[in-house]
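*Asks:* Okay, here's the prediction I keep looking at, along with the sequence it came from:
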Amino acid sequence: MKEFSNKYDVAVLGGGVAGVAAAVQSARSGAKTVLIEKSAFLGGLATTGLIYVYLPLCDGYGHQAMFGIAEELLKISMKYGPGTVPDWRANKGGKSLERYQVCFSPASFALALDEICDDAGVDLWFDTLVSKGNIDDTGQISSVIVENKSGRGTIEADIFVDASGDADVVRRIPAGKCKSSDNYLSSWVIEYDVRIKGTEPYILGSNLGRYILQERDVKTVNEIDGRQVSHFLLESRRKIRKHYLDEYARNDVNRHQLFPLVLPGMASFRTTYAIHGKTVLNTGHEDTSFDDSVGVIADWRYPGKMWEIPYGILVPENIKGLLAAGRCISSIGDAWEATRVIPAAAVTGQIAGMAAALAVETNSQPESLDVKTLQSRLKAEGFEFHCSDILQEKD
Ligand SMILES: Cc1cc2nc3c(=O)[nH]c(=O)nc-3n(C[C@H](O)[C@H](O)[C@H](O)COP(=O)(O)OP(=O)(O)OC[C@H]3O[C@@H](n4cnc5c(N)ncnc54)[C@H](O)[C@@H]3O)c2cc1C
């Protein structure tokens, strides 16, 4: 089989929400961009993983904190399916149900993600696994090795974005530094449940049920590897089978009345590996101002709490030509909990895509990029950089 090779300005590795945001922004900024995804769908955990809750873009007190592609994706998640944005502007009391968030159909979001990438001119490669990055004499990542039905090939690019969720690219480069974190057994199942009644057909969370397997005391081992992914998947499906058998044994529903419709197509890991970046966002950094802040995210758990995103958390130490986006950026502790979710992945993805395209345009490295120029370009996309500005501008 002949080996293949292709060259791009920017290569985004992993097509979850972060990868889509990065690729769309990079292509819109004029860079020749490829997005490489190992599954058949874009969206990662949000679609293949069935996580259909787009957590809030606002702070819970009527202030919008996240803008740009994060808001665009929230809107298009409902383009081919149901979902309604609540009256979040009126919410001055921080009640979580009235925040700027929606439930979407994973299938309709997947269709819309193809479309937004197509429209931006992103070259999409599905069913293509990124196995490792090649580093040149200067310590720069020059290409990645990929495998698909054509065989093994290389993708060259000036700048790469690791949006694999698990820092697959950074982790496999010898100089790459990562941190790992505990996980616990968890999985979302879309199910038919005769006990849930509603007026409209197939409204998620209303009359189409979901079973959430959540076993916080069943920890997965740190530093997941290939065997542990299989173990995680098999163990979660064993627990899901037990859940249905237990329900049937209680005799109030039978298998005609309650059954799984769709299972997640990927392991539901929350936090696995994160890069060790030039800056590390940590517990206690909420509401902290950074000079190199390139965005703000609202904390989905606590109304009123926000986190600035310093540019340095996207830039890995010791590797040139690479940025990270999504749930594998350089956050730890409570900051990782806040930054790993769907809207935050879209925000860090867009920043990484903008930074990658700017690095190509100015022939510079991500680590020495002119952050002021990056900030002015993000500002033109509607971004705010400081928590205080978000509270001030909208009050
Ligand atoms: C059980 C659970 C419940 C959650 N609940 C919510 C919620 O209610 N709301 C919310 O907003 N967030 C929630 N989250 C978090 C959120 O879903 C994810 O953290 C977020 O979607 C991460 O996006 P991402 O793009 O960074 O990563 P991912 O979604 O993991 O995307 C990574 C993509 O990269 C691809 N990929 C990985 N490795 C390779 C490779 N080597 N080659 C090619 N492709 C590769 C994957 O197939 C995937 O498509 C939940 C997470 C879990 C696990």
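*Replies:* Done, it's in. Quantities reported herein were computed from a predicted structural model and do not represent experimental measurements. Residues are numbered from 1 along each chain as shown.

*Asks:* Keeping just the C-alphas, turn the one helix or strand residue 154 maps to into CSV.
*Replies:* Element membership for residue 154 (DSSP states H and E) is strand 151-162. What follows is strand 151-162, C-alpha atoms only, in CSV (Å, rounded to 0.1, in the frame of the first residue of the first chain):
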residue,chain,number,x,y,z
GLY,A,151,-3.0,3.0,4.9
ARG,A,152,-0.4,5.1,6.8
GLY,A,153,0.4,8.6,5.8
THR,A,154,1.8,11.9,7.1
ILE,A,155,0.1,15.3,7.4
GLU,A,156,2.5,18.2,7.4
ALA,A,157,1.5,21.6,8.7
ASP,A,158,3.1,24.8,10.0
ILE,A,159,1.0,24.8,13.2
PHE,A,160,-0.9,21.9,14.8
VAL,A,161,-3.7,22.0,17.4
ASP,A,162,-4.0,19.1,19.8
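
*Asks:* Now do it: which elements does it pack against?
*Replies:* If you count contacts as 3 or more CB pairs under 8 Å, 6 or more residues apart in numbering; DSSP states H and E, strand 151-162 packs onto strand 4-13, helix 17-28, strand 33-36, strand 141-148, helix 168-171, strand 322-324, helix 342-361. Yep, even glycine has a C-beta here, placed from its N, CA and C like the rest.

*Asks:* Quick one: work out the angle between the first one and helix 17-28.
*Replies:* Computed with axes from the mean of the first three to the mean of the last three CA atoms, to 10 degrees, the direction of strand 4-13 lies at 110 degrees from that of helix 17-28.

*Asks:* Give me the local confidence score for whatever residue of the stretch 201-350 of the chain ends up closest to the ligand.
*Replies:* Nearest residue of the stretch 201-350 of the chain to the ligand: residue 326, at 2.2 Å (CB to the nearest ligand atom). Per-residue confidence (pLDDT) for residue 326: 98.

*Asks:* so what's the residue nearest to it when sequence neighbours are not counted up against?
*Replies:* What sits nearest to residue 326 in space, not counting adjacent residues and going by CB to CB, 6 or more residues apart in numbering, is residue 18, at 2.7 Å. Applying CB atoms under 8 Å, 6 or more residues apart in numbering to residue 18 gives the contacts 44, 163, 165, 325, 326, 327, 345, 346, 348, 349, 352.

*Asks:* Need the per-residue pLDDT for residue 18.
*Replies:* 98.

*Asks:* and the helices and strands packed on strand 151-162 as JSON lines, adding distance to residue 226?
*Replies:* Converted to JSON lines, the helices and strands packed on strand 151-162 look like this (distance: least, CB to CB, whole Å):
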{"stretch": "strand 4-13", "distance to residue 226": "18"}
{"stretch": "helix 17-28", "distance to residue 226": "21"}
{"stretch": "strand 33-36", "distance to residue 226": "19"}
{"stretch": "strand 141-148", "distance to residue 226": "14"}
{"stretch": "helix 168-171", "distance to residue 226": "11"}
{"stretch": "strand 322-324", "distance to residue 226": "22"}
{"stretch": "helix 342-361", "distance to residue 226": "24"}
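
*Asks:* among the ones you listed, which is nearest residue 82?
*Replies:* helix 342-361 (17.3 Å; CB to CB).

*Asks:* Show me which positions of the closest one end up buried.
*Replies:* Across helix 342-361, burial judged by 16 or more other CB atoms under 10 Å covers 342-360.

*Asks:* Residue 13 and the ligand, how far apart?
*Replies:* 6 Å (CB to the nearest ligand atom, to the nearest Å).

*Asks:* Could you do residue 176 as well?
*Replies:* 14 Å.

*Asks:* So that it lines up with my notes, have the first residue be 23 from now on.
*Replies:* Fine by me, first position is 23 from now on; the one you just mentioned is residue 198.

*Asks:* Please name the nearest non-neighbouring residue to that residue.
*Replies:* Of all residues not flanking residue 198 in the chain, residue 192 sits nearest, at 4.0 Å (CB to CB, 6+ apart).
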